[in-house]
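Asker: sequence plus predicted model, see below.
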Amino acid sequence: MNYRYREFFKTGPFLAGYVSKGQLYPAIKELNKFSDSIKSKKEIWDILNKAAKTFQVLSVNSSPLLGAVVNEIFGVLSI
């Protein structure tokens, strides 16, 4: 059975949301993997902090490293 699932998580000073259509358990696993990944990579953390301070909207083109993590975990080409 397919569900629409919304989840929010706080990582440091950031609040992120995620909406998934599908099974609940894989969606939670993806979200946790993403949270762990961005917290463990200093380069990504620095990108996020800089973007937050300058009100920058990130995309795959402006942040290929973050885009690679998003694509690897969620299988999408843009954030």
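Answerer: The structure has been received and is ready for your questions.

Asker: what segments of the protein are helices?
Answerer: 24-40, 42-54, 64-74 (DSSP state H).

Asker: who's in contact with Glu30?
Answerer: Glu30 sits next to 18, 20, 73-74 when contact means CB atoms under 8 Å, 6 or more residues apart in numbering. C-beta coordinates here come from the backbone N, C-alpha and C atoms, glycine included.

Asker: state the distance from the residue nearest the centre of the chain to Thr54.
Answerer: Most central in the chain under CA atoms, centre = their mean is Phe34, positioned 5.4 Å from the mean C-alpha point. Distance of Phe34 to Thr54, computed by CB to CB, to the nearest Å: 22 Å.

Asker: can you redo the helices of the chain as CSV with distance to Thr11 and mean pLDDT?
Answerer: As requested, the helices of the chain are exported to CSV (distance: least, CB to CB, whole Å; pLDDT from 0 to 100):
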stretch, distance to Thr11, mean pLDDT
helix 24-40, 5, 84
helix 42-54, 9, 88
helix 64-74, 13, 86
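
Asker: out of those, which is closest to Pro13?
Answerer: Pro13 lies closest, by CB to CB, to one member of the helices of the chain: helix 42-54, at 6.9 Å.

Asker: list the contacts of the closest one.
Answerer: Defining contact as CB under 8 Å, 6+ apart, one finds that helix 42-54 is touched by 12-14, 37-39, 56-58, 63, 65-66, 69.

Asker: hmm, which of these are the buried ones?
Answerer: Neighbour-count burial (16 or more other CB atoms under 10 Å) applied to the contacts of helix 42-54 gives 38, 58, 63, 66, 69.

Asker: nearest residue to the first one other than its sequence neighbours?
Answerer: In this case it means Ile38. In this structure, Ile38 finds its nearest non-sequential neighbour in Ile44, 4.9 Å apart by CB to CB, 6 or more residues apart in numbering.
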